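# attaching a predicted model along with its sequence, questions to come.
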Amino acid sequence: MILAKDRPIDHYISCKPSVQRHSCDRAANLCYLKQSCGFLWFILCNLLIPTIPNGGGSLVGAQLLINVQNQGGEVIQESITSNIGEDLITLEFQKTDGTLITQVIDFRNEVQILKALVLGEEERGQSQYQVMCFATKFNKGDFISSDAMAKLRQKNPHTIRTPEEDKGRETYTMSSWVQLNRSLPITRHLQSLCAEAMDATYVRDVDLKAWAELPGSSISSLEAATEKFPDALSTRCNEVSSLWAPCLCTLETCIGWYPCGLKYCKGKTAAVGSDASGAQQQQQTNYRCGIKTCRKCTQFTYYVRQKQQCLWDE
């Protein structure tokens, strides 16, 4: 993987429309194969839903497709899209169990959204799928910028890639629901991305306080967009027997490969002037010559009103 000033399309594996449509198509096809009434969902997604523009009004551009080997030795395909105008990066992939993961990084508002679409178990009374969203504070420097991402190209697009560094697991204990119709103070992308997670979009108090320190933000407007979980609930879902009892659910996902930093190489020494004695002064120049890649797992713990919404955590 190298950086280039221009992004020649022939270096990419393929081009696809918007991430929203892409998610719908993949979820639809999966439901079609695995669910008894998936045919209707397949038709609705593929025939009735148009390509959706991003928040800035322009369509999401070409996607960089990366073949990644997970820790189990299986190969999955990640799509990474950079939107320089919106200063966004979107990373999406489908896990081997059918779960769709979408990670959106909003650099302007320092917000990271992780969306999980999990297929349901109809034989246990669940719907075809359920969607959860988790909004957390993004630390600049954990992912290369949208501008740098847009300049990436692949020398060998069919290569199966493994990350250079494993950043381990980060745990998040969520404390509140997000009211999507009031989520603009967090990021305007939440409402559209997480429309199917109306009652399942989560945030932490510590992140609200961090966002409140940003210019133009306030803790009052951020708190007005949230609703706190009920107090004094500490029972994990895997400790609860009743499917209708509230509990604390845990969901873990891993991003198997992502560009977490830039690499710089030493260039030629250049003359920059002379000192008082007339001797020429030399300066070493550095230039971008690649990327550092990482793997990272994230574990979310959050409140669910019924264990039925957390059957994987058993």
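Thanks, I have the structure now.

# going forward, measure contacts between C-alpha atoms and count neighbours the same way
Noted.

# for the residue lying closest to residue 119 once chain neighbours are set aside, give me its contacts.
Once flanking residues are discounted, residue 119 sits nearest to residue 129: 4.1 Å by C-alpha to C-alpha, 6 or more residues apart in numbering. Contacts for residue 129 (C-alpha atoms under 8 Å, 6 or more residues apart in numbering) come out as 117-120.

# find the nearest non-adjacent residue to the spatially most central residue of the chain, please.
In the chain, the residue lying closest to the centroid (C-alpha atoms, centre = their mean) is residue 103, at 0.8 Å. Closest residue in space to residue 103, ignoring its immediate chain neighbours: residue 114 at 4.5 Å, by C-alpha to C-alpha, 6+ apart.

# and what of residue 115?
Leaving aside its sequence neighbours, residue 115 sits nearest to residue 133 (C-alpha to C-alpha, 6+ apart; 4.4 Å).

# what's the answer for residue 166, then?
Residue 166 sits nearest to residue 295 (C-alpha to C-alpha, 6+ apart), 4.8 Å away.

# counting contacts, what elements does the helix or strand hosting the one you found pack onto?
Here residue 295 sits within strand 280-304, counting by DSSP states H and E. When contacts are defined as 3 or more C-alpha pairs under 8 Å, 6 or more residues apart in numbering; DSSP states H and E, strand 280-304 packs onto strand 2-3, strand 165-173, strand 247-274.

# now render these as CSV, adding mean neighbour count and mean pLDDT.
CSV is the format used below for these (neighbours: other C-alpha atoms under 10 Å; pLDDT from 0 to 100):
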stretch, mean neighbour count, mean pLDDT
strand 2-3, 16, 49
strand 165-173, 13, 95
strand 247-274, 16, 85
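
# got these as TSV, with distance to residue 153 columns?
Converted to TSV, those look like this (distance: least, C-alpha to C-alpha, whole Å):
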stretch	distance to residue 153
strand 2-3	6
strand 165-173	20
strand 247-274	12
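
# which residues does the residue nearest to residue 103 form beta bridges with?
Legend: beta-bridge partners of residue 114 under DSSP bridges are residue 103, residue 134.

# what is the neighbour count of the residue nearest to residue 166?
20 (other C-alpha atoms under 10 Å).

# for the helix or strand encompassing residue 191, list the C-alpha coordinates in CSV.
When elements are assigned from DSSP H and E, residue 191 belongs to helix 189-193. Provided in CSV are the C-alpha atoms of helix 189-193 (Å, rounded to 0.1, in the frame of the first residue of the first chain):
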residue,chain,number,x,y,z
HIS,A,189,-24.3,11.9,10.7
LEU,A,190,-25.8,9.9,13.6
GLN,A,191,-29.4,10.4,12.6
SER,A,192,-29.0,9.1,9.0
LEU,A,193,-26.5,6.4,9.7
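
# list the buried residues in that helix.
Residues 189-191, 193 are the ones in helix 189-193 that count as buried (16 or more other C-alpha atoms under 10 Å).

# about what we covered before: any idea how far the residue nearest to residue 103 lies from residue 163?
According to C-alpha to C-alpha, to the nearest Å, residue 114 and residue 163 sit 20 Å apart.

# the more surrounded of the two?
Neighbours were counted for residue 114 and for residue 163 using other C-alpha under 10 Å; residue 114 has more, 23 against 19.

# state the distance from the residue nearest to the centre of the chain to residue 216.
Distance from residue 103 to residue 216, by C-alpha to C-alpha: 25 Å.

# same check, this time on residue 200
27 Å.

# of these two, who's got more company?
The neighbour count for residue 200 versus residue 216, taken as other C-alpha under 10 Å, is higher for residue 200 (22 against 8).

# what is the burial count for the residue nearest to that one when sequence neighbours are not counted?
Distances taken as C-alpha to C-alpha, 6+ apart put residue 132 closest to residue 200, at 5.1 Å, once the chain neighbours are dropped. Using other C-alpha under 10 Å, residue 132 has 20 neighbouring residues.

# confirm that residue 132 sits in a helix.
No. Under DSSP: H, G, I helix; E, B strand; the rest coil, residue 132 sits outside any helix and is assigned strand.

# which residues touch it?
Residue 132 sits next to 115-117, 194, 197, 200-202 when contact means C-alpha under 8 Å, 6+ apart.

# residues contacting the nearest residue to residue 110 once chain neighbours are set aside?
Once flanking residues are discounted, residue 110 sits nearest to residue 138: 4.8 Å by C-alpha to C-alpha, 6+ apart. Contacts for residue 138 (C-alpha under 8 Å, 6+ apart) come out as 105, 107, 110-112.

# what is the burial count for residue 104?
The burial count for residue 104: 22, using other C-alpha under 10 Å.
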